[in-house]
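Asks: Generate a structure from the sequence data that follows.
(chains A and B)
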Number of protein chains: 2
Amino acid sequence: MYNIGIDLGGTNIAAAIVAEDGTIIRKGSTPTMNERQQEAIIKDMAMLAIKLVEDEAGISMDDIHSIGVGSPGTPDPVNGMIVYANNLNFHNTPIRDEMQKYINKPIFVGNDANVAALGEYECGSGSSYNDLVAITLGTGVGSGVIINGTIIDGSFYGGAELGHVSINFNGIVCTCGRKGCWEQYSSASALIRDAKEAAKNNPESKLNELVHGDLTKMNAKIPFDAAQAGDKTAQEVISQYIKHLAVGLVNVINIFQPEVIVLGGGVSAQGDNLIQPLHKEIINEIYGGEKAFKTKIQVAELGNDAGIIGAAMLYKAYEK
Amino acid sequence: MYNIGIDLGGTNIAAAIVAEDGTIIRKGSTPTMNERQQEAIIKDMAMLAIKLVEDEAGISMDDIHSIGVGSPGTPDPVNGMIVYANNLNFHNTPIRDEMQKYINKPIFVGNDANVAALGEYECGSGSSYNDLVAITLGTGVGSGVIINGTIIDGSFYGGAELGHVSINFNGIVCTCGRKGCWEQYSSASALIRDAKEAAKNNPESKLNELVHGDLTKMNAKIPFDAAQAGDKTAQEVISQYIKHLAVGLVNVINIFQPEVIVLGGGVSAQGDNLIQPLHKEIINEIYGGEKAFKTKIQVAELGNDAGIIGAAMLYKAYEK
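Replies: Numbers count the residues shown, from 1 in each chain, chains lettered A, B, ... in the order given. Okay, the predicted model is just below:
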């Protein structure tokens, strides 16, 4: 049997037929056109799934066990709805009921960050562990917590928003309205913001050379490259970035003591450049030091497919 | 059937026979004398349990289903051990095996803060909810998280240490070595520290009058009393205290979105004096404001008995 995973984004709907071990059999996408009525968007998700199964993979719906949908916003997994998703104009949107007009299969719904964490837990970096916290260092700091196969999202399904844990109560104002949220220090956007600022204040820095004098070209890789090349300004930016990332990760460890924390998003592509100095900072902050630091910090494995694969695995979380 | 709950502290061992609904049938205690060998302490726990059952309650061990022990430090619930407890000199202490030398019953072991949270969840303020976060505002900020009857303590059983979430990465140095831990702002000790400091800096403050000029007499009630009486200095202390408490609670809500957060410890005796201004601060910080603030904030019901009752309920968490 296969499952279908659908990653519903503001711009694109991506879908795949996924084997039980997480292998993608067939993948496709269609534009979301999020200005449309929710019924039209959901119909397109169903049509994409049918097309993948019947036209492209040459199998039949009898080979499909379930369909999972990862969506931005707050889901209601029990009723198969999206309670609220800002960038889709979804309000109490009955994904399950609408999709079942076209496909008579179990339909599961989850928040995109939690679903990506589930993907890593079931089929990626977390697949040999009992619990996992997945952190995505991107535009914001996305997160999902999986304990013994259960998505930890709270009674109101809006958790676990680790990026909106304040680590600095008088700090930078966040898009959520709070001060000092972790994502204001540890997202890729925060790194880019700080690298731009440092480049502006230090005209001699290699940061300026690497963006060819155009700070709008700054990205999350450039400060790491400049730091590796010995640029003091960039080293300071990276050092601060890693220090703040460690503060948030030690918070996560003190709360969840998970077997593994999986880092995804653009910044995680740095691999050991990121993980090694991060380890040092974490050991400094953990009560009991190195001996007490048992949680593994790893880079995510599934990349952009975590969302689709995790969506396909939603049945594992909800059919228990 | 009854269960026995034992609250193992650094000074006293408290034990009780507890009915399934949490009613305490018989309670007793014996000094821990924590300088002794672990075997002697554990034997005393068993003897206290036997005495309560056979001598005092006039029932027999056949009426007892299980025994639960709440201990400071890090437990290993699977093996019925205490991995480490500083103020008991416990290292890999086999509580279950030692106790079973005297009492042939299932023995369960848990961390004291988590066990108290379980008590509130099963029999106290949290008994009508699916999930609960219990926060104790005492010497430190203790915490326990229960989701669908499961204690959330991580793969290494050291969670959930919410008091050691840093909310101010350049802030006050904590006993754990980190900077800005929540407990440095929201424990009763933190409130007393800040009230003393404010009294010293403001000789005209009513805070000085209420301690009769002796700052060593400051407690967590006095600043609330002085603030109620209109003292500006005390009002400022309380206002800051509640602001920081709200920062940590909004962190908890953003992570766990629980149905209820239960506040215990001396400060929680303030009841609505604490809860009402806290609500206002939380609404200010929650994404989506008042409409999105669904978690109830309540005062703990069981008081000092939460530990004993929760220990007696450990079987519910581990026999599932």
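
Asks: for chain A, what spans make up the helices?
Replies: A:38-50, A:95-99, A:112-123, A:183-186, A:188-201, A:206-210, A:222-228, A:232-256, A:272-285, A:289-292, A:306-312, A:314-318 (DSSP state H).

Asks: Redo those as a markdown table? Include distance to chain B and mean pLDDT.
Replies: For glycine as for every other residue, the C-beta is placed from the backbone atoms N, C-alpha and C. Putting the helices of chain A into a markdown table (distance: least, CB to the nearest CB, whole Å; pLDDT from 0 to 100) gives the following:
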| stretch | distance to chain B | mean pLDDT |
| --- | --- | --- |
| helix A:38-50 | 20 | 97 |
| helix A:95-99 | 20 | 98 |
| helix A:112-123 | 12 | 97 |
| helix A:183-186 | 8 | 98 |
| helix A:188-201 | 14 | 98 |
| helix A:206-210 | 24 | 98 |
| helix A:222-228 | 20 | 98 |
| helix A:232-256 | 4 | 98 |
| helix A:272-285 | 5 | 95 |
| helix A:289-292 | 8 | 80 |
| helix A:306-312 | 20 | 97 |
| helix A:314-318 | 13 | 97 |
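
Asks: Pick the most deeply packed of these.
Replies: Mean neighbour counts were taken over those using mean count of other CB atoms under 10 Å in any protein chain shown, and the top value, a mean of 31, falls to helix A:306-312.

Asks: Alpha carbons of that one, as PDB, please.
Replies: Only the C-alpha atoms of helix A:306-312 are listed here, as PDB (Å, rounded to 0.1, in the frame of the first residue of the first chain):
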ATOM      1  CA  ALA A 306      10.000  16.400   4.500                       C
ATOM      2  CA  GLY A 307       6.600  18.100   4.200                       C
ATOM      3  CA  ILE A 308       5.300  15.700   1.500                       C
ATOM      4  CA  ILE A 309       6.700  12.600   3.100                       C
ATOM      5  CA  GLY A 310       5.500  13.700   6.600                       C
ATOM      6  CA  ALA A 311       2.000  14.400   5.200                       C
ATOM      7  CA  ALA A 312       1.900  10.900   3.700                       C
END
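
Asks: show me what contacts the residue lying closest to A:Leu132 once chain neighbours are set aside?
Replies: In space, and not counting its chain neighbours, A:Leu132 is closest to A:Gly126: 3.6 Å by CB to CB, 6 or more residues apart in numbering or on different chains. Listed by CB atoms under 8 Å, 6 or more residues apart in numbering or on different chains, the contact set of A:Gly126 reads A:117, A:120, A:132, A:134, A:146, A:260, A:262.

Asks: How about residues contacting stretch A:182-192?
Replies: With CB under 8 Å, 6+ apart, stretch A:182-192 has contacts from A:137-141, A:162-168, A:171-174, A:218-220, A:223, A:237, A:241, A:244-245, A:247-248, A:251, A:265-267.

Asks: same thing but 6 Å
Replies: The set of residues that contact stretch A:182-192 without belonging to it, under CB atoms under 6 Å, 6 or more residues apart in numbering or on different chains, is A:137-141, A:163, A:165, A:167, A:172, A:174, A:218, A:220, A:241, A:244-245, A:248, A:266-267.

Asks: any idea how chain A splits into domains?
Replies: Segmentation of chain A into domains, based on automatic domain parsing, reads A:2-122+A:305-318, A:128-301.

Asks: For the residue nearest to A:Phe224 when sequence neighbours are not counted, give its distance to chain B.
Replies: If the residues on either side of it in the chain are set aside, A:Phe224 comes closest to A:Gln270, at 5.3 Å by CB to CB, 6+ apart. Counting by CB to the nearest CB, to the nearest Å, the gap from A:Gln270 to chain B is 22 Å.

Asks: ok, A:Ile238 touching A:Ala227?
Replies: Yes: checked against CB atoms under 6 Å, the pair A:Ile238 and A:Ala227 is within contact range at 4.4 Å.
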